[in-house]
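Enquirer: Following is a predicted model, sequence given first.
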There are 2 protein chains.
Amino acid sequence: MPNSPTGLYLEDLQEGQSFTSDSLEVDAQQIVEFASSFDPQPFHTDAVAAEGTFFGGLAASGWHTAALTMRLLVGHGAPFAVGLIGAGAQIEWPRPTRPGDVLHARTEVLKITPSRSRPDRGMVLLRTDTLNQRGEIVQVLTSTAVVTRRPQASAG
Amino acid sequence: MPNSPTGLYLEDLQEGQSFTSDSLEVDAQQIVEFASSFDPQPFHTDAVAAEGTFFGGLAASGWHTAALTMRLLVGHGAPFAVGLIGAGAQIEWPRPTRPGDVLHARTEVLKITPSRSRPDRGMVLLRTDTLNQRGEIVQVLTSTAVVTRRPQASAG
């Protein structure tokens, strides 16, 4: 259904447009599980050991915050028709995600660059802020997504 | 044990130094599980549906590749004494990770900047290439890590 209202194509986007995602809560168990698989350092896996570290308490791996943000974007945060395919990104973590945090993502379209070689698509520069329940930014993601144009109806 | 041979401090690092991680294999089930939690798009969760997409077959979420790379770095890929704490990063995925890929990471120290305000630490700019079993780069991560100096023995 190419005109599905939930799916945005390149021509539906404009610079300055923004999207707000749903929200999700992350608990200590999820933080420890993710870190045990991917980032097994004491400040991410052990609430007691974490007290004496740089973080002063259990903190989610930055890559967990990144993965949760992607989950928010794929939900309703960046509703592109063909999905969200990133070519690259810049990521900053001004502060960690903590147990009990409720996160949401706010995405702004910074720049749209139609492809010269592939007229059916363009590159869209996005800035996604991930915020906790106090409105504090836990992650700033600047990413470039490939977004296609709406498929043309065949001329017959 | 501040002199542990597995733990590197700021003064043990030099620009141009490089580290190679262990390797790990990623299978289709892991790709689908990660994506189901964090990046539920058909090209990451459904091998059949993935055939007709941009990726032409099941591909790991870029965030899964990033998380696996962190796992490699925390293993033996970047053996800093106090752990690997990133302040930010730039990430590119020249090609996707595929089921059955065996990944390893190669990290080079690009630049060391001692902190002016905190003499016990410095910022270390690292480039980490994640490679598959054919030596193809699946991710280039340029990150800035906080690395501390070796604690001084007390003079007294």
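Expert: Good, I have the coordinates. Just so you know, these numbers come straight off a predicted model, no measurement behind them.

Enquirer: how about the residues of chain A that lie near chain B?
Expert: Taking C-beta under 8 Å from any C-beta of the partner chain, the part of chain A that reaches chain B is made up of A:34, A:37-43, A:53-54, A:61-63, A:66-68, A:70-71, A:74, A:82-93, A:146. For glycine as for every other residue, the C-beta is placed from the backbone atoms N, C-alpha and C.

Enquirer: Residue A:53 touches residue A:43, doesn't it?
Expert: Yes: the pair residue A:53 / residue A:43 is scored as a contact, 4.2 Å apart, by C-beta atoms under 8 Å.

Enquirer: what about the two, which has more around it?
Expert: Taking neighbours as other C-beta atoms under 10 Å in any protein chain shown, residue A:53 and residue A:43 compare with residue A:43 leading, 25 against 18.

Enquirer: Ranking helices and strands of chain A by mean pLDDT, which lands last?
Expert: Ranked by mean pLDDT, DSSP states H and E, the weakest helix or strand in chain A is strand A:85-92, scoring a mean of 84.

Enquirer: And the contacts of that strand?
Expert: A:62, A:66, A:123, A:139-146, B:54, B:62, B:87-93 (C-beta atoms under 8 Å, 6 or more residues apart in numbering or on different chains).

Enquirer: Any idea how far the helix or strand just after it is from the middle of the chain?
Expert: Later in the chain than strand A:85-92, the nearest helix or strand by DSSP states H and E is strand A:102-114. Distance of strand A:102-114 from the chain centroid (C-alpha atoms, centre = their mean, to the nearest Å) equals 9 Å.

Enquirer: The following helix or strand past strand A:102-114 packs against which elements?
Expert: Note on strand A:102-114: by DSSP H and E, the next helix or strand toward the C-terminus is strand A:121-131. Helices and strands touching strand A:121-131, as assessed by 3 or more C-beta pairs under 8 Å, 6 or more residues apart in numbering or on different chains; DSSP states H and E, comprise helix A:62-72, strand A:102-114, strand A:137-148.

Enquirer: how does it look with 6 Å?
Expert: Strand A:121-131 is packed against strand A:102-114, strand A:137-148, with contacts defined by 3 or more C-beta pairs under 6 Å, 6 or more residues apart in numbering or on different chains; DSSP states H and E.

Enquirer: which of those strands sits most buried?
Expert: Highest mean neighbour count among the helices and strands packed on strand A:121-131 (mean count of other C-beta atoms under 10 Å in any protein chain shown): strand A:137-148, with a mean of 20.

Enquirer: same for that strand, what does it pack against?
Expert: Partner elements for strand A:137-148 (3+ C-beta pairs under 6 Å, 6+ apart): helix A:62-72, strand A:85-92, strand A:121-131.

Enquirer: which intervals of chain A have sub-threshold pLDDT?
Expert: A:1-6, A:81-83, A:153-156 (pLDDT under 70).

Enquirer: I'd guessed residue A:80 sits against residue A:9; true?
Expert: No: the pair residue A:80 / residue A:9 is not scored as a contact, 7.6 Å apart, by C-beta atoms under 6 Å.

Enquirer: Of the two, which one has the most company?
Expert: Using other C-beta under 10 Å as the criterion, residue A:80 and residue A:9 rank with residue A:80 on top: 23 against 19.

Enquirer: Relative to residue B:114, how far out is residue A:150?
Expert: Residue A:150 sits 53 Å away from residue B:114, going by C-beta to C-beta, to the nearest Å.
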